[in-house]
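**Q** generate coordinates for the sequence data below:
(one chain, ligands or ions: 1)
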Amino acid sequence: MGFFDDLEARIEATDSVVSVGLDPDPDRLPAFLDSELPRWAFNRRVIDATHEHAACYKPNAAFYEDGDGWRALEETIAYAHGKGVPVLLDAKRGDIGNTARQYAKLLDESGLDADAITLNPYMGRDTLEPYLSRSEKGVFVLCRTSNRGGSDFQDLDIGNDKPLYQYVAQRCAAWNDHDNVGLVVGATAPEELETLRDLVDLPFLVPGVGAQGGDAEAAVEFGLADGVGLVNSSRGIIFAGEGADDEDAYFRAVGDAAKRLKRRLDEFR
Ligand SMILES: O=c1ccn([C@@H]2O[C@H](COP(=O)(O)O)[C@@H](O)[C@H]2O)c(=O)[nH]1
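**A** Reported below is the predicted structural model:
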């Protein structure tokens with residue numbers, strides 16, 4: 001079974017397309033966490049509170065690339081797997097051949113054993129190859145990102161009124177020899193989401209609902225390919241407990257936020 005088969009099974013089992021982003025910003029971790037590895041302690045509680053509603057977890061590598069961070073990430077991924085939830089590492093990698101081959105080990109030999117990864121296509125096909133060829137793992141290639149500057153390059157007309165992001169999508173569809181390729185398309189770009197859905201039959205990871213204020217309806221309507229795809233919220237879920245009176249109330253609020261998003265997205269499925 002490949003990543004997208006596993007994801008489809010998980011979506012069916014949970015009736016959810018929610019990707020819970022595990023971005024444990026040290027400045028926002030609750031003070032009550034008394035642990036040597038606060039990011040791991042936090043993520044464990046978040047996973048306990050949300051796994052019933054999670055089609056996937058998406059830790060962003062930026063929040064783990066220091067001292068104890070990698071250990072926290074390792075523990076987090078293993079724990080999520082223990083709950084039966086696939087893990088997509090949002091690492092946005094992409095580099096020349098030998099470096100890419102090394103980075104691609106994040107998916108297996110590094111000890112992390114992530115199920116899928118996000119990639120930056122700017123350097124071309126050879127930089128994606130070591131991930132594409134791991135046929136049982138998934139890749140999501142940055143296509144039309146959710147940030148304001150996403151239009152700077154991605155919307156550039158490359159001829160015949162075709163913006164670069166559409167060309168990226170078509171190339172990725174052509175490189176999908178193992179049925180393991182998806183695209184990252186932001187919920188803040190609903191028109192582009194619609195255009196891309198007409199253009200390629202790939203599952204999308206749609207970040208940008210929640211804290212970035214993206215369009216949840218468009219995320220679901222255009223993000224899924226035959227029912228498979230992910231709509232991610234990170235801060236809107238994991239920090240939903242801020243202001244709660246105690247630890248239990250904090251993580252109840254986190255669980256409720258995940259459940260609310262699942263129900264909201266399900267209205268459009
Ligand atoms: O276009 C993109 C690609 C990736 N992201 C990542 O998704 C989460 C979003 O976090 P929120 O707190 O829900 O805003 C974060 O890890 C981003 O780096 C994205 O937002 N947009």
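**Q** ok so Gly21 is a strand residue?
**A** Yes: assessed by DSSP: H, G, I helix; E, B strand; the rest coil, Gly21 belongs to a strand.
**Q** just give me the neighbour total for Met1.
**A** Neighbour count of Met1, defined by other Cβ atoms under 10 Å: 9. Where you see a C-beta, it was placed from the backbone N, CA and C, and this is true even at glycine.
**Q** surely it meets Ser135?
**A** No: with contact defined as Cβ atoms under 8 Å, Met1 does not reach Ser135; the gap is 10.6 Å.
**Q** what does the protein have sitting close to the ligand?
**A** Neighbours of the ligand within the chain, by Cβ under 6 Å from any ligand atom: 21, 23, 60, 90, 145-146, 184, 186, 207-208, 210-212, 232-236.
**Q** got a PyMOL select line for the buried ones in the residues you listed?
**A** In PyMOL, a selection of the buried entries from the residues of the chain next to the ligand looks like this (16 or more other Cβ atoms under 10 Å):
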select buried, resi 21+23+60+90+145+146+184+186+207+208+210+212+232+233+234+236
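**Q** how about Asp34, secondary structure?
**A** Classification of Asp34 using three-state DSSP returns coil.
**Q** host element of Asn91?
**A** That one is not Asn; residue 91 is Ala. strand 88-93 (DSSP states H and E).
**Q** could you give the average pLDDT over that strand?
**A** Mean per-residue pLDDT for strand 88-93: 98.
**Q** who touches that strand?
**A** Residues from elsewhere that reach strand 88-93 (Cβ atoms under 8 Å, 6 or more residues apart in numbering): 19, 21, 56-61, 77, 100, 103-104, 106-107, 112, 114-120, 131, 138, 140, 142, 205, 230.
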